[in-house]
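Q: for reference, the sequence and a predicted model appear below.
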Amino acid sequence: MITRLPAVTAVLAMFVVCSMAHDPWNTDYTSQRGPLFWGQRPEFKMCGLGREQSPINIRRSSTIYQDFPPLAFELKSPIVHSNIENKGSATAAFPLSDIPILSGGPLGNRKYRVYNVHLHFGNYSFRAAEHAFDGVRTTGEFHIVTYDSRYPHIKAALGSGRRGALAVLGVMFEARNVSNIDMGVTNLIELSSNVTYKGDHYMTGIDFSNLVSEVDMGYYYAYNGSLTTPTCNEVVQWMVIDRIHYVLPETADLLLELKTGYRREHSIPIFGNTRPLQPLYGRKVLRSFGPVVTDVHDQGEEIVYSSSDLVGPLGRVMLLALAAIATFVIKA
């Protein structure tokens, strides 16, 4: 049986492949360089062969309590001068001075320098956080990427091959019309929305003091994992904050204009830049707090998909097609 895609979807899929052909990898599920094919490339073989890959589904009732101390950021100044750049696969803020230091929790007394803060996102109706709680993803997730300060730079940390050479703090957010809006995530999204095309960048200050609250730093899950993009190095100590943060739908929609290509190229939106969930393979997921309250998180309506599902890849194509049509109609 031959499945035929709608004409607009097929055209868009061909457009996606052409516009991304020069990149070694991308996050588009219709592309042979997308997440479903990363592990087939020799230079990215860890993405397919690794046994400690990320992201994962965190089944909260199966996590194990560990008496970790709270995580903590050492800030020389609450406002960190940063370069915000569109990298094509995501937007990222790179601290330039007064770089924050992360320690505590599973990191112990080791000090980790912040390398960047970047976003994975969908929109109000398409959830694209990297991790999932109990089988459900949220609208998006931002990552604070750090590396062990014993290494001179992040490349050396990655090259070490040592578990825990990097530590990443993940914070999941949901777009919803509620009153308890998180200003830290809101500000990060607003700042990131200004770099429309790949290579666009500007310098500004980011208020690190309200990105993650002190309370949140005591409530998190921890596990050993990997980068969620090639080369998928298994050197990451992951900490995922338990609380879901909220932003307004119109705030999340600011990110929909961000493109994967350069200004003079035809390119698709970055929207949906998330990797399929990866198997645990017996890994333990630890939590820093007492008994799990199973009804704390809004479970939403959308179930996550794995790399073997057709719903995720085709669903993304359809959404991109609709976005393209909507943009054309608006401009017309």
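A: Now that the structure is in, tell me what you want to look at.
Q: hey, let's count contacts and neighbours off CA atoms from now on
A: Noted.
Q: run a quick neighbour tally on the closest residue to residue 217 other than its chain neighbours.
A: Spatial nearest neighbour of residue 217, excluding adjacent residues (Cα to Cα, 6 or more residues apart in numbering): residue 71 at 5.0 Å. Residues near residue 71, counting by other Cα atoms under 10 Å, number 22.
Q: also the one 10 residues further on?
A: Here the number of neighbours of residue 81 (other Cα under 10 Å) works out to 19.
Q: and the one 4 residues further on, by the same measure?
A: Residues within reach of residue 85, counting by other Cα under 10 Å, total 23.
Q: can you tell me the helix or strand for it?
A: If you go by DSSP states H and E, residue 85 is part of strand 79-86.
Q: so where do the strands sit in the stretch 51-200 of the chain?
A: With strands called from DSSP state E, counting those that start in this stretch, the stretch 51-200 of the chain shows them at 57-58, 64-65, 71-74, 79-86, 91-95, 101-104, 112-121, 132-133, 140-148, 166-175.
Q: the strand holding residue 85 pairs with which strands?
A: Note on strand 79-86: by DSSP bridges, its sheet partners are strand 91-95 (antiparallel), strand 201-207 (antiparallel).
Q: can I get the ones you listed in TSV with mean neighbour count?
A: TSV is the format used below for the strands paired with strand 79-86 (neighbours: other Cα atoms under 10 Å):
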stretch	mean neighbour count
strand 91-95	25
strand 201-207	16
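Q: pretty sure residue 234 contacts residue 53?
A: Yes - the criterion here is Cα atoms under 8 Å, and residue 234 meets it with residue 53 at 6.7 Å.
Q: give the residues shared as contacts by the two.
A: The contact sets of residue 234 and residue 53 overlap at 225, 226, 227 (Cα atoms under 8 Å, 6 or more residues apart in numbering).
Q: pretty sure the second one sits against residue 52.
A: Right, the one you point to is residue 226. Yes - counting by Cα under 8 Å, residue 52 is a contact partner of residue 226 at 6.4 Å.
Q: average pLDDT for stretch 133-142?
A: Averaging pLDDT along stretch 133-142 gives 97.
Q: which residues are in contact with it?
A: By Cα under 8 Å, 6+ apart, stretch 133-142 touches 57-60, 117-132, 170-175, 299-300, 302-304.
Q: of those residues, buried ones?
A: By neighbour count, with 16 or more other Cα atoms under 10 Å, the contacts of stretch 133-142 hold 57-58, 60, 117-124, 126-132, 170-175, 304 as buried.
Q: next, residue 245: phi, psi?
A: Backbone torsions of residue 245, given as degrees, to the nearest 10, read phi -100, psi 150.
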